[in-house]
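Visitor: Have a look at this prediction, sequence included:
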Amino acid sequence: MAPGAGHARAPEADFLHGVRGRREASRAAGRRTLWTEEPAKRPRLPDPVRTAAARAVVIVAVTLVQAMVAFLCTLAGSWFAFPAVLCSVASTVVATWSVLDVWITRQVWNQRHGVVSTPSSTARARRRERRAARRAARRQARRKDQRPEQNRLPGQGLSKA
């Protein structure tokens, strides 16, 4: 029986199978592929922040269109200029609020869900140096306290009080 004779495959499945086969063949031949997957440089924004950002982009775009209509109506001396300017002013307030909403939503998200903070290499090195200095000071203090009794002056004990 011929391969694939028992059931009919969708034409797009054949197409995708052919694309995958060609991709594997070009990799085997050592040629560069047209499309290479690369990992994202930054992590994806959280969903509430993304929705706020998309909303802000739409509102700002509408505001810019309204401002342009108001400007052109003013130049043309149209009766529609005054209502368009009023709508543009109101829309500018709404657009400003929507952009602030993105910033506030992002701050709230970071506060509620925590942010992974990695210190810079210089901060890490400084912290390492401070730890080493504290250890050395503790070692030095222990050596002083562990001297034999005959080396101590009269009246000096282990207690500092």
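Guide: That came through fine. Numbers count the residues shown, from 1 in each chain.

Visitor: as a whole number, average confidence for the helix ranked longest in the chain?
Guide: Of all the segments of type helix in the chain, defined by DSSP state H, the longest one is helix 81-113. Helix 81-113 shows a mean pLDDT of 94.

Visitor: Now do the helix or strand following it, average pLDDT.
Guide: Sequence order places helix 121-145 as the next helix or strand after helix 81-113, per DSSP states H and E. Here helix 121-145 scores 86 as its mean pLDDT.

Visitor: What of stretch 44-55?
Guide: 92.

Visitor: Next, the buried residues of that stretch.
Guide: V49, A52, A53 (16 or more other Cβ atoms under 10 Å). Quick note: C-beta positions are derived from backbone N, CA and C, even for glycine.

Visitor: want to throw those into JSON lines with secondary structure and distance to R138?
Guide: Converted to JSON lines, the buried residues of stretch 44-55 look like this (DSSP: H, G, I helix; E, B strand; the rest coil; distance: Cβ to Cβ, whole Å):
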{"residue": "V49", "secondary structure": "helix", "distance to R138": "46"}
{"residue": "A52", "secondary structure": "helix", "distance to R138": "51"}
{"residue": "A53", "secondary structure": "helix", "distance to R138": "51"}
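
Visitor: For the closest residue to R106 other than its chain neighbours, which residues are in contact?
Guide: Using Cβ to Cβ, 6 or more residues apart in numbering and skipping the chain neighbours, the partner closest in space to R106 is V49 (4.9 Å). Contacts for V49 (Cβ atoms under 8 Å, 6 or more residues apart in numbering) come out as V102, T105, R106, W109.
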